[in-house]
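Peer 1: Please work out how this folds:
(chains A and B)
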Protein chains: 2
Amino acid sequence: MFSFHILYKDLRSRARMGVISTPHGDIQTPAFIPVGTQATVKTLTPDEIKETGTQMFFVNTYHQYLRPGDEIVKKMGGLHKFMGWDGPLITDSGGFQVFSLGREDAGKLVKITDDGVEFKSHIDGSKHFFTPEKSLAIQKNLGADIILPLDECTFYPATHEYTQSANRRTHQWAERTIREYGRQNMANRQALYGIAQGGTYEDLRKESATFLSTLPFCGYAIGGVSVGESKETMAQVCDWQVPLLPPEKPRHLLGVGELDDVFNFIERGIDTFDCVMPTRIARMGQVLVNSKCQIPNSKQYQKSKFQKKYEIDISKTVYKTDKKPLDPTCDCYVCKRFTRAYIHHLFRAHELLAYRLATYHNVYWMHSFVSTIRASIEEGTFLDVKRHWLDTHESNPPEE
Amino acid sequence: MFSFHILYKDLRSRARMGVISTPHGDIQTPAFIPVGTQATVKTLTPDEIKETGTQMFFVNTYHQYLRPGDEIVKKMGGLHKFMGWDGPLITDSGGFQVFSLGREDAGKLVKITDDGVEFKSHIDGSKHFFTPEKSLAIQKNLGADIILPLDECTFYPATHEYTQSANRRTHQWAERTIREYGRQNMANRQALYGIAQGGTYEDLRKESATFLSTLPFCGYAIGGVSVGESKETMAQVCDWQVPLLPPEKPRHLLGVGELDDVFNFIERGIDTFDCVMPTRIARMGQVLVNSKCQIPNSKQYQKSKFQKKYEIDISKTVYKTDKKPLDPTCDCYVCKRFTRAYIHHLFRAHELLAYRLATYHNVYWMHSFVSTIRASIEEGTFLDVKRHWLDTHESNPPEE
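Peer 2: This next block holds a predicted model:
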C-alpha cells in the first residue's frame, strides 16, 4: 500500500525526484506539505486545498487529541472522512507540541520519564500522559497515511549531555513504537517513519541516523531542526544524517520551508518538508511573489534576507490602487480574479476574505515553486535553477 | 436600462412576483438581498455569492466612502470591478450609518442642518459632511445599479414633532437628489429609489408616501423600520405606505428579514428586502435549518420565538458526533460536503473556515426559502404556504 520510487537523481547533488504512493494517492516529490494544525488548512475548504496543488497535508496529533478528541475523529470515520479530504495525510506524534510547552514554561507543564511524557492541555489545563504506544494508538484512530513515533525533541541551545539522553529516549521509544506498530498490524494502512534527532552535535546526529536505519521504518523524518539554530547548522544536520539513512526510503524534513531552505534541503536529499510559513504569513498580509514584483533597488530590498525578496506586504498603502494581481506571473484563482487593490482593502478592513485569498495564493505559489524544482531535477538543471534564484537578488536586483 | 415587470399577483394579499432588470442583470422578486457592508459579503468570494443564489447585494456607502474611499473605487472601475462581482448591486445613501452614530452618542458625533449632516468617522474621528448632492456623487463613483437618496432616519421612540421635521428634511433632500440626479444624467446607468419615512405615525407615514409618489423615482424603499419598534408596528407601516406608492414600481424594505417578517412583508407588497441576519448569525454559529431539525417538544423549542425554530447553534455539544449535514433538506455545497460534527469542531477551534461554511449555508438557505415563496405566489398558494410555515410550530411541533 505504501511505496517510494525514485524517478530521477541529480548528478551534481543529492536532489532526487520521485513518487510516494499511499492508500489515498500519490505524492510527487520533492513536495511541500502544508500544515492543517486543527484538521483544516486555515481558511481553506478541502476542495481548495486540492485546487492549490496540495498533494498531502500535515495534521497535528496533539491538537486532534485534545480537540475534538481522537476517539471522536475515529467515530466520524477517521481524519479523511471527518475533514472531507480524500488525499494523503501525515500526522506527527504530538511530541513536538508537548516539548514546546515544556520549553516555554521551563518544564512546569511537562514531565518527561523513560516511560513517556506528562503534560497539561493548553486549552483547559487538564493533565495527560503520552507514551510511544499511546501516540501510536491516537494516530491509529486518526488514520493518516504517514505517521510518526513519539520522540524527544531538544531545542537549541541544548548541552551535549542532555541531547545524548534525549537521543537515547528517542531511540528506545522508536523501538517500542515499531514493536507496537507490528502488534497492531498497522503496516497495510499507515506508513511509519522514524525520526532522527541529535540536536546540533555531529556525533549524536550520526548515531541517531545509524541507529534508526537498523529499524524497519517506511521512511525517515529529520527532526529538531528549525528550533533556534542557524540555517548553516540546519544544512549541516542534513549533511550528517542523509548519507546514513537508507537511500531507497523517503526523507521528510520537519518544520522547514523558507525559499532558500527549500533549495538547500532538496539539494541535500530531502523529499518532503512541511512548514507553516506560507499559511501563517498569508494571514498577516505577506504574499509570496516573483521577486520582480519588488520595488527594485529599494532600501528594504537591498537589506532584506532572501525570503523577503519574495514577499510583499499587501496591506501597505502603495497597493491601494494597484490593478495588478498579487503576482502577475501566478495563474492561481486569486491572481486570475482579484486585484492587489481589492485585497489591500480587505486587509485594511480586517475582512475574513482577506485571509482566505492570501492563504490560497501562498499555498498555490509555494507548490508551483516546488514543481519548478521538480522539473529542474528531471531536466538535470537543479543546481542552475537554484543558483539563478539565489543569485538574482544578490548581484542584480531585478527591475519592476 | 432599468425596469420592473410584475408577472403574478396574489389574489388574496398584496404579494406579487416579478422581475427587476438592471444594467448588470435581472432580479427575480420577491428577493432577499444580502449585505456586503465593506464591499464583501463577509467570508465569501463573489463566485460563492453567486453560487448561493444571490441576485443582488447591498454595499454601504458610508463604509466605502471612508474606506477605501469612493474616489479609489471609481479609479478601480467602480464597485463591480473592484469586487469582481458582475451582478446587480444596491448602495444606500450613507445616512443610516451616520444617524446611527448620532443615536449612539446622543448627537455628539453628528450635527444635522437643512443643508446636510456633519459626522465624525468611526475609524479615525475625522470630520465629514454629507449633503444629498454629496451622497449622490459618492454613489455615482461607486456605480451600483440601484441607489438611494440621503434621508433622515429617526429611531424608535421619536416624538411626532421631531419625526415631522425629519420628514420635512427627508422630502426636501429627496427633491434635491432628484434634481441633481437629472443634472448628472445618471438615469441610464443607476436607478434612484425614493425612501419613505415617517416613524411610527400614521399621518406622517402616509404624508411621506404620498409626497414621494409625486417624484419620478424608479422605485421606493421603506425606511426607518426595524429601528426598535415592534413587529406589529413594522407591519402597520407597510399597510399605511404601500397602497400609496405607485403600484408599478418596485418596493424595497430596508434592514428587515427574520423569517416571519419575510412572509408578513411580502404579503404586504414588498418586492425586495436586505438584512444582515443570515450572515451575522452565521458567524456566531447559528445556522438556518428546516424546523424539523429541532429537537421536538424540547423546552427551548416550545418557548422560543418563530425565528428560533429555524436555527440551530452548531457549537453546542449535541452536534459533536452528528454525521448529518447542517440541514438534511438543504442541497447547498456545505450540506453536500460537510457534517455537523466537523463544522462544530471548526467553531469550537475558532477556525476561520467555520464562519465561511455557516455563512455560505445561511445565505443559500435564505435564498431557497424566498424562492419557495416566489413559487407559491406563481401557484396562488402564498397564504397557504405562509400559514403552513407560521403555524407548524405553534400547534404541532415537528418530530426529528
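Peer 1: and the helix ranked longest in chain A, which residues are buried?
Peer 2: Once chain A is assigned using DSSP state H, the helix that runs over the most residues is helix A:352-379. Counting neighbours by 16 or more other C-beta atoms under 10 Å in any protein chain shown, one finds that the buried residues in helix A:352-379 are A:352-370, A:373-374, A:376-377. For the C-beta atoms, the positions are set from N, CA and C on the backbone; glycine is no exception.
Peer 1: could you pick out which of these are near chain B?
Peer 2: Among the buried residues of helix A:352-379, the residues lying close to chain B (C-beta under 8 Å from any C-beta of the partner chain) are A:L352, A:L353, A:Y355, A:R356, A:L357.
Peer 1: Go through these and say which is closest to A:V256.
Peer 2: A:Y355 (23.5 Å; C-beta to C-beta).
Peer 1: who's in contact with A:K316?
Peer 2: Applying C-beta atoms under 8 Å, 6 or more residues apart in numbering or on different chains, we find A:K316 in contact with A:H344.
Peer 1: Roughly how far does it sit from chain B?
Peer 2: Using C-beta to the nearest C-beta, to the nearest Å, we find A:K316 at a distance of 14 Å from chain B.
Peer 1: Quick check, pLDDT for that residue.
Peer 2: Note for A:K316: predicted pLDDT of 97.
Peer 1: Does A:Y193 belong to a helix, a strand or coil?
Peer 2: Using DSSP: H, G, I helix; E, B strand; the rest coil, the structure places A:Y193 in strand.
Peer 1: Now do the contacts for the closest residue in space to it that isn't next to it in sequence.
Peer 2: Excluding the flanking residues, the one nearest A:Y193 by C-beta to C-beta, 6 or more residues apart in numbering or on different chains is A:G219, at 4.3 Å. By C-beta under 8 Å, 6+ apart, the residues touching A:G219 are A:F4, A:I20, A:I146, A:A191, A:Y193, A:G194, A:K249, A:P250, A:R251, A:H252.
Peer 1: change it to 7 Å
Peer 2: With contact taken as C-beta atoms under 7 Å, 6 or more residues apart in numbering or on different chains, A:G219 is in contact with A:F4, A:A191, A:Y193, A:K249, A:P250, A:R251, A:H252.
Peer 1: Report the two of those residues separated the most.
Peer 2: Spanning the widest gap among the contacts of A:G219 are A:A191 and A:R251, at 13.2 Å by C-beta to C-beta.
Peer 1: in chain A, which residue is closest to the centre?
Peer 2: Nearest residue to the geometric centre of chain A (C-alpha atoms, centre = their mean): A:D274, 0.9 Å.
Peer 1: which one of the contacts of A:G219 sits closest to A:E133?
Peer 2: Proximity of these to A:E133 (C-beta to C-beta) peaks at A:Y193, which lies at 17.1 Å.
Peer 1: Near chain B, which residues of the stretch 251-400 of chain A are found?
Peer 2: Neighbours of chain B within the stretch 251-400 of chain A, by C-beta under 7 Å from any C-beta of the partner chain: A:320-321, A:323, A:337-339, A:341-342, A:345-346, A:348-349, A:351-353, A:355.
Peer 1: In the stretch 101-250 of chain A, mark out all the strands, start to finish.
Peer 2: A:110-112, A:117-120, A:127-130, A:146-147, A:191-196, A:219-222 (DSSP state E, counting those that start in this stretch).
Peer 1: The shortest one packs against which elements?
Peer 2: In this structure, strand A:146-147 makes packing contacts with strand A:191-196, judged by 3 or more C-beta pairs under 7 Å, 6 or more residues apart in numbering or on different chains; DSSP states H and E.
Peer 1: ok, now which ones touch A:F369?
Peer 2: The contact partners of A:F369, taken as C-beta under 7 Å, 6+ apart, are A:L259.
Peer 1: pLDDT value on A:T131, please?
Peer 2: At A:T131 the predicted local distance difference test score is 98.
Peer 1: Run a quick neighbour tally on it.
Peer 2: 18 (other C-beta atoms under 10 Å in any protein chain shown).
Peer 1: Is it correct that it is in contact with A:T113?
Peer 2: No: with contact defined as C-beta atoms under 7 Å, A:T131 does not count as touching A:T113 (9.6 Å).
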